[in-house]
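Peer 1: here is a sequence with its predicted model. Questions after.
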Amino acid sequence: MAQIGTKLRSATSNNGQHQRLMHWCPGCDEVHGITIKSSLGPKWQFNGDYERPTFNPSVLLQSNHDGEKRLPAGQMRTECHYFIRDGRIEFCGDSPHKLAGQTVDLPDWPYAPSTYGGIDE
Ligand SMILES: [Zn+2]
């Protein structure tokens, strides 16, 4: 995982055929990844600006678990739903966390280099 600017990290796999940009989500207090290059699945448009990024379309994270409990087959629970535009995160109202409906600056990556998960920066 490579450092690019202060807000994003880049992760590539499959000999560079698949690329995700990782950012810190202040709503979930965890890392989310957005696929911008893929030879198989869906990918998002990225404006190429690592300090004021814009991604299209919105990012929707869902889970088939509620805590430890697995939901009935076919049911999904929204965990986070947001747009990133011009370096700001716009959380949609259906995000079940504290920042639902709010727009905040995309925060700097909160970890010092070389400390996140033991992955070399
Ligand atoms: Zn989130």
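Peer 2: Received it, and whenever you're ready, just let me know what you need.

Peer 1: which non-adjacent residue is nearest the residue sitting nearest the centre point of the chain?
Peer 2: Taking C-alpha atoms, centre = their mean, the centroid of the chain lies closest to His32, which sits 2.8 Å from it. In this structure, His32 finds its nearest non-sequential neighbour in Cys25, 4.8 Å apart by C-beta to C-beta, 6 or more residues apart in numbering. (Each C-beta comes from the backbone N, C-alpha and C, glycine too.)

Peer 1: quick one: the one you found from Ser10, how far?
Peer 2: As judged by C-beta to C-beta, to the nearest Å, Cys25 and Ser10 stand 17 Å apart.

Peer 1: can you report phi and psi for Lys7?
Peer 2: Main-chain torsions, Lys7, degrees, to the nearest 10: phi -110, psi -30.

Peer 1: typed the wrong thing, it's Asp108
Peer 2: Backbone torsions for Asp108, taken as degrees, to the nearest 10, come to phi -60, psi 150.

Peer 1: cool, and Pro107?
Peer 2: Main-chain torsions, Pro107, degrees, to the nearest 10: phi -70, psi 160.

Peer 1: surely it is in contact with Asp29?
Peer 2: No. If you go by C-beta atoms under 8 Å, Pro107 and Asp29 don't touch, sitting 10.4 Å apart.

Peer 1: more neighbours: the two, which one.
Peer 2: Neighbour totals were compared for Pro107 and Asp29, and Pro107 leads with 13 against 10 (other C-beta atoms under 10 Å).

Peer 1: is any residue of the helix or strand hosting Leu21 near the ion?
Peer 2: Taking DSSP states H and E as the definition, one finds Leu21 inside strand 18-25. Yes. Counting by C-beta under 5 Å from the ion, contacts between strand 18-25 and the ion involve Cys25.

Peer 1: pull the distance from that strand to the chain's centre.
Peer 2: The chain centre lies 5 Å from the centre of strand 18-25; the measure is C-alpha atoms, centre = their mean, to the nearest Å.

Peer 1: could you pull out the strands for this structure?
Peer 2: Using DSSP state E, the strands of the chain run over residues 2-4, 8-13, 18-25, 30-37, 45-46, 55-63, 65-66, 69-70, 77-85, 88-91, 103-105.
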